[in-house]
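Novice: Got a predicted structure here, sequence first:
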Amino acid sequence: MSLASRSKVIQAYKNLLHLGKNYPKGYDFFRQRLKSAFMKNKDVTDPAQIEQLLCKAEFVSKELEALYMLRKYRTLKKRYYEDAPPKSST
Amino acid sequence: MRILVGVKRVIDYAVKVRVRPDKKGVVTDGVKHSMNPFDEIAVEEAIRLKEKKIAKEVVALSIGPTQAQETLRTALAMGADSAIHVEVPAGELERVQPLHVSRIISKLATEGKFDLVMVGKQAIDDDCNQTAQMTAAMLDWPQATFASKVEKDGDYLKVTREIDGGLETIKVGVPAVISADLRLNEPRYATLPNIMKAKKKPIKKMKASELGVDLTPTIEVISVEDPPVRAAGIKVDDVDTLIAKLKEAGRV
């Protein structure tokens, strides 16, 4: 692995670890999964494939951010706006 | 335009809050804290106003113990330019009430020549919903509470407010006080690289006494109780029993 992509991968890992601190099922659960997900691809050497995996890491972090935001929004809505008319889709 | 945005460090929204045995408050030791979600919305709106070039500078303010700096770092990571930390020792934190907070904010807003004060409509720990209103009164500025939309309209701000059963649109002149409601925006996440960068941004430390604000409480907490536990339901065997039970309960 080239030096540049190595630091990118470490950055992605650190970033995901940081996001995992708020994971609903707990940090430990998240960290174990994250580690195994990264370790699974430890032998990948093809730069194109590394890039693709980095994109996946980016995608997962965006998903996590969205998950946290929605979770917070829903909790607050439930807690403070219970008089609001119930949505039919729930 | 310079914006002062107030952020409070509260027990995280996802934590199950426990009442302290002495019934004068809740357990805060060793409990995860984070920025009050409504304040997050206020910070986000201030930053968006800056991104739209309506505002020049966003300053975050927090009143609390040393750990309140972490909350300020979050605000800085989201995009605030600098921060002010009014330090209150952890033991005295319960003495600080919305009245004192609004005194501190109004003092800082005048001294710092701010044009807009933004806060969350309420904190999720005490649910007071008083700070914005009292700050506006002390500064003698117009207020736009429960904002769900903020737009610039010439020299004024057009604010859509959430009111019972609908929306109200008002025009306020600056300087003004705005309190953010839940639907104002979707706050961005403070990412790790931004948190790192935020460590370089300045945090100014002060004491309430330096601002001439006396933190003597004006409200005494008599007792804090858990909400009533929901009573267990029962299972019925058939429809007849259900109807009988409903009749018994006076529902049909």
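Specialist: Noted; the coordinates are in hand.
Novice: Which pLDDT does the model give B:Glu94?
Specialist: For B:Glu94, the pLDDT comes out at 85.
Novice: what does chain A have sitting close to chain B?
Specialist: A:11, A:14-15, A:18-19, A:22, A:24, A:65, A:68-69, A:71-73, A:75-77, A:79-81 (Cβ under 8 Å from any Cβ of the partner chain). C-beta: built from backbone N, CA, C; applies to glycine.
Novice: What residues sit buried inside the biggest helix by length in chain A?
Specialist: Taking DSSP state H as the criterion, chain A has its longest helix at helix A:47-80. Neighbour-count burial for helix A:47-80 flags A:50, A:53, A:57, A:60-61, A:64-65, A:68-69, A:72-73, A:76, A:80 (criterion: 16 or more other Cβ atoms under 10 Å in any protein chain shown).
Novice: Can you name the residues that contact B:Glu87?
Specialist: B:Gly64, B:Pro65, B:Thr66, B:Ala68, B:Lys205, B:Met206, B:Lys207 (Cβ atoms under 8 Å, 6 or more residues apart in numbering or on different chains).
Novice: need these in TSV with neighbour count, can you?
Specialist: Shown next, in TSV, are those (neighbours: other Cβ atoms under 10 Å in any protein chain shown):
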residue	neighbour count
B:Gly64	23
B:Pro65	18
B:Thr66	12
B:Ala68	25
B:Lys205	12
B:Met206	15
B:Lys207	13
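Novice: Among those residues, name the ones in helices.
Specialist: Per DSSP H, the subset of those in helices is B:Ala68.
Novice: and which of the contacts of B:Glu87 is nearest to B:Gly154?
Specialist: B:Met206 (35.4 Å; Cβ to Cβ).
Novice: coming back round to it: so among the buried residues of helix A:47-80, where is pLDDT lowest?
Specialist: Lowest confidence among these: A:Tyr80, with 88.
Novice: what's near enough to touch the closest residue to it other than its chain neighbours?
Specialist: Closest residue to A:Tyr80 apart from its sequence neighbours, by Cβ to Cβ, 6 or more residues apart in numbering or on different chains: B:Leu182 at 7.0 Å. By Cβ under 8 Å, 6+ apart, the contact set of B:Leu182 is A:Tyr73, A:Leu76, A:Lys77, A:Tyr80, A:Tyr81, B:Phe38, B:Ile41.
Novice: wait, doesn't the second one sit right on B:Pro37?
Specialist: Which is A:Leu76. Yes: the criterion here is Cβ atoms under 8 Å, and A:Leu76 meets it with B:Pro37 at 5.7 Å.
Novice: any shared contact partners between the two?
Specialist: Shared contacts of A:Leu76 and B:Pro37, counting by Cβ under 8 Å, 6+ apart, come down to B:Tyr13, B:Ile124.
Novice: Torsion angles phi and psi at residue 39?
Specialist: Chain wasn't specified; assuming chain A. phi -70, psi -30 (degrees, to the nearest 10).
Novice: should've been chain B
Specialist: The phi/psi pair for B:Asp39 (degrees, to the nearest 10) is phi -70, psi -30.
Novice: Now do the contacts for it.
Specialist: B:Val5, B:Gly6, B:Val7, B:Lys8, B:Val119, B:Gly120, B:Ala123, B:Ala180.
Novice: Would you mind confirming that the fourth one makes contact with B:Pro65?
Specialist: No: under the criterion of Cβ under 8 Å, B:Lys8 makes no contact with B:Pro65, lying 11.9 Å away.
Novice: where does chain A have low pLDDT?
Specialist: A:1, A:83-90 (pLDDT under 70).
Novice: From B:Arg161, how far off is the residue nearest to the spatial centre of it?
Specialist: Central residue of chain A (Cα atoms, centre = their mean): A:Ser61, 3.5 Å from the mean position. Note on A:Ser61: its distance to B:Arg161, by Cβ to Cβ, to the nearest Å, is 35 Å.
Novice: Phi, psi for B:Lys158 please.
Specialist: phi -100, psi 120.
Novice: who's in contact with it?
Specialist: Here B:Lys158 is in contact with B:Lys149, B:Val150, B:Glu151, B:Lys152, B:Thr169, B:Ile170, B:Lys171 (criterion: Cβ under 8 Å, 6+ apart).
Novice: Tell me, how many residues neighbour the first one?
Specialist: Residue neighbour count, defined by other Cβ atoms under 10 Å in any protein chain shown, stands at 16 for B:Lys149.
Novice: mind checking the SS state of it?
Specialist: strand (DSSP: H, G, I helix; E, B strand; the rest coil).
Novice: can you check the last one too?
Specialist: Taken by three-state DSSP, the conformation at B:Lys171 corresponds to strand.
Novice: quick one: pLDDT of it?
Specialist: So B:Lys171 comes in at 95 (pLDDT).
Novice: same thing with the third one?
Specialist: Listed pLDDT for B:Glu151 reads 94.
Novice: Hmm, it is touching B:Leu157, no?
Specialist: Yes: between B:Glu151 and B:Leu157 there is a contact under Cβ under 8 Å: 7.0 Å.
Novice: More neighbours: which of those two?
Specialist: More crowded of B:Glu151 and B:Leu157, by other Cβ under 10 Å: B:Leu157, with 24 against 14.
Novice: list the contacts for the nearest residue to the more buried one once chain neighbours are set aside?
Specialist: Excluding the flanking residues, the one nearest B:Leu157 by Cβ to Cβ, 6+ apart is B:Val172, at 5.3 Å. Applying Cβ under 8 Å, 6+ apart, one finds that B:Val172 lies in contact with B:Pro142, B:Gln143, B:Ala144, B:Tyr156, B:Leu157, B:Val159, B:Ile178.
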